[in-house]
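1. Dropping the sequence and predicted coords here.
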Amino acid sequence: MPDLAIIIPSVLNGITTGALYALVALGLTLIYGVLHIINFAHGALLMLGLYAVYYLKARFGIDPYVALLIVPPAMFALGYALQRGIIGRASHGRDENILLVTLGLAIVIENLSLFFFRSDTRIIDTPYSFETVDILGAFLPLPKVVAFAGAIVTAALLWLVMARTDLGRAIRAVAKEKKGAALVGIDTDHVYAMSYGLGIACLGVAACLLLPSYYVNPQVGHGFVLIAFTIVVLGGMGSFVGALIGGFVIGVIEAMGGLFLGESLGQIGIFAIFILVLIFRPTGLLGHRV
Amino acid sequence: MRSLLFLFAVFVAIGAAPVLIASEFWLDVVIMTLYAALLGQAWNILGGYGGQFSFGHAAYFGTGAYTVAVLQVQFGVNPWIGLVAGGLTAGAVAAFIGFSTFRYGLRGSYFALVTLAFAEVLRILSNSVDFTGAGVGILIPLERSLANLQFASKISYFWLIWTMTLAAFLVVWWIGNSRFGARLMAVRDNEEAARALGVDAFRVKMGAIVLSGVFSGLAGVFYAQYLLYLDPSIAYGPAVSIESLLVPIIGGMGTLFGPLLGAAAIHAVSEFTSEVTGDAPGISLAVYGALLVVMVTFMPRGLAGLVSRLGARRGARALAVERRHA
């Protein structure tokens, strides 16, 4: 039994990782809550965001944290265009079709990336990559602490948008009652695309915060997408608070699983939770409707 | 009965392939097309006829493949027994997954996600335990003989996959013409209405997932015996799950010949792209993905839908004749 000196850093590490998971899951849950679709392209789009951050740094020397001003808006535009141009058209009113189309998009994006960027794993080098911060006796990498703070701020911003702006009100109206929203003059196609764009923009933020302490290759999205699904399902599909809490819970569980079962088998814990929650409580621990 | 005769005619025609095709390369393309048709037909039973979209058919494929490989390598069991065992274990895994999901009424996106997660769990497990060879994979020793279900000539492999695929198509023909199939399609089209009419939806879906799992497992057995090597990401990785669903979606879900059309189309396209791009990594899969998007957007009924639209008038007359004689 490892003692507290090992467990506490591990938990803290799990919480900082969990914040990033939460950020990825926030985008997913937003898209689910409004469009009622599971966005299978989520991991692939995160990967695209990571490559954008990587090339901005490698080609133009733009720091990942400065890229926060560039990548999320670009990802928003991409998401808006994808929803309006492809996903929305393919639905024919059936959820299964959207599931398949986003899966198809994921395959296309991943394999084109493999073609253009090759399968090499890349990292960036920043002056602060190896800085650490001392919290409760645990030395955490600085980029992870920044990522934690960034994730919380993004979640708060997203909440503000949803709660206080006209756009947020329109999004919530469409999510609750599409026909009613259309009747009072809301352009539902536009709102759908805005929601999808916002969800993808979250991935842009996550990419900027993630890369200083992580890597990128064409498959990097896989690991995140199933974890994000798990978080969303755990927190209740469409619930923001649920996604945040779910992110932290999963981050800690992963860290603990890795500590006690080893890196590879440790992931089993996440999937076991995923399957159990889906089977016994598909509305999530906090959710209330399917 | 007509469709059954047509089915046999098609398979007899395919059976001429080893006579007509001398090149090993093209015979391999035909073999892999039949194999894709088998994978796709297995998915089609549950997804096309049952309306339950599985994103994790690799769970059954990998189980069948690992069963035959592990039994041979670790326990010295004859692969013919492994073939049967592979189908059975894959069916058992399908029964387990089906029981734990359908029991709680999971459908649509939820079902897709759970099946995906099950396949991932199996991938991680097979990567972590010793008897599967873990991450290194498992190599079936080369001992070519009929008793060993390994052949020196591609023609023998051709007949093996031809037989397996024909069996899957016969079962699907039966589904299309039986009470079981009628119930299954009723559940697909409207589960509540079907239940109201007294259909035991749970049982029907269980039947479909087990049949589907068995044939996926057989495809896995064939794969293991043909290529003689397996590792966790080949067996349980997403590539097989995607191929399984892509084939019937391109060909036409819920139709008997859809998977054959889809498999042929996919292989034609992938041969073409590898001609043009010279095997650049990722391109052929990117084309698969684009095909998936295009088909769902513009041709949700697949190639079979296109064929039946073109032959609609003739078909309608033929159907009327068939009905009168039925």
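-> Cool, got the structure.

2. is the longest helix seen in chain A up against chain B anywhere?
-> Under DSSP state H, the helix in chain A containing the largest number of residues is helix A:4-35. No - using Cβ under 8 Å from any Cβ of the partner chain, helix A:4-35 stays clear of chain B, coming no nearer than 8.6 Å. C-beta: built from backbone N, CA, C; applies to glycine.

3. Can you name the residues of chain B that neighbour chain A?
-> For chain B, the residues found near chain A under the criterion Cβ under 8 Å from any Cβ are B:53, B:55, B:100-101, B:104, B:106, B:108-110, B:112-114, B:116-118, B:120-121, B:124-125, B:127-128, B:238, B:242, B:245, B:249, B:280-283, B:285-286, B:288-293, B:296-297, B:300.

4. Emit the ChimeraX select command for whichever of those residues are buried.
-> With 16 or more other Cβ atoms under 10 Å in any protein chain shown as the criterion, this ChimeraX line picks the buried residues out of the residues of chain B next to chain A:
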select /B:53,55,100,101,106,108,109,110,112,113,114,116,117,118,120,121,124,125,127,128,238,242,245,249,282,283,285,286,288,289,290,291,292,293,296,297,300
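
5. the strands in the stretch 1-150 of chain B, which residues?
-> Along the stretch 1-150 of chain B, the stretches classed as strands by DSSP state E, counting those that start in this stretch are B:138-139.

6. Show residues contacting stretch A:249-265.
-> The contact list for stretch A:249-265, computed with Cβ atoms under 8 Å, 6 or more residues apart in numbering or on different chains, reads A:2, A:6-7, A:10-11, A:13-22, A:227, A:230-231, A:234, A:266-270, A:273, B:124, B:127-128.

7. The longest helix of chain A - contacts with which helices or strands?
-> Packing partners of helix A:4-35 (3 or more Cβ pairs under 8 Å, 6 or more residues apart in numbering or on different chains; DSSP states H and E): helix A:42-60, strand A:138-141, helix A:142-164, helix A:166-176, helix A:188-210, helix A:220-235, helix A:240-261.

8. could you give the angle of the last one to helix A:4-35?
-> Angular relation of helix A:240-261 and helix A:4-35 on a 0 to 180 degree scale: 140 degrees, by axes from the mean of the first three to the mean of the last three Cα atoms, to 10 degrees.

9. The third one now?
-> Orientation note: helix A:142-164 sits at an angle of 30 degrees relative to helix A:4-35 (the same axes, to 10 degrees).

10. got the angle for helix A:142-164 vs helix A:188-210?
-> 160 degrees.

11. Contacts only, for whichever residue of the stretch 51-200 of chain A sits closest to chain B.
-> Shortest the stretch 51-200 of chain A-to-chain B distance, computed as Cβ to the nearest Cβ: residue-wise this is A:Ile107, at 2.9 Å. Counting by Cβ under 8 Å, 6+ apart, A:Ile107 touches A:Ala44, B:Ile242, B:Leu285, B:Ala286, B:Tyr288, B:Gly289, B:Leu292.

12. got the residues of the stretch 101-250 of chain A near chain B?
-> A:101, A:103-115, A:118-119, A:218, A:222, A:226, A:229-230, A:233.

13. what's the closest non-adjacent residue to residue 132?
-> Picking chain A for this. A:Phe139 (4.2 Å; Cβ to Cβ, 6 or more residues apart in numbering or on different chains).

14. The intended chain is chain B.
-> Of all residues not flanking B:Thr132 in the chain, B:Ser126 sits nearest, at 4.5 Å (Cβ to Cβ, 6+ apart).

15. who touches that neighbour in this structure?
-> B:Ser126 touches B:Gly62, B:Tyr66, B:Thr132, B:Ala134, B:Pro232, B:Ala235, B:Tyr236, counting by Cβ under 8 Å, 6+ apart.
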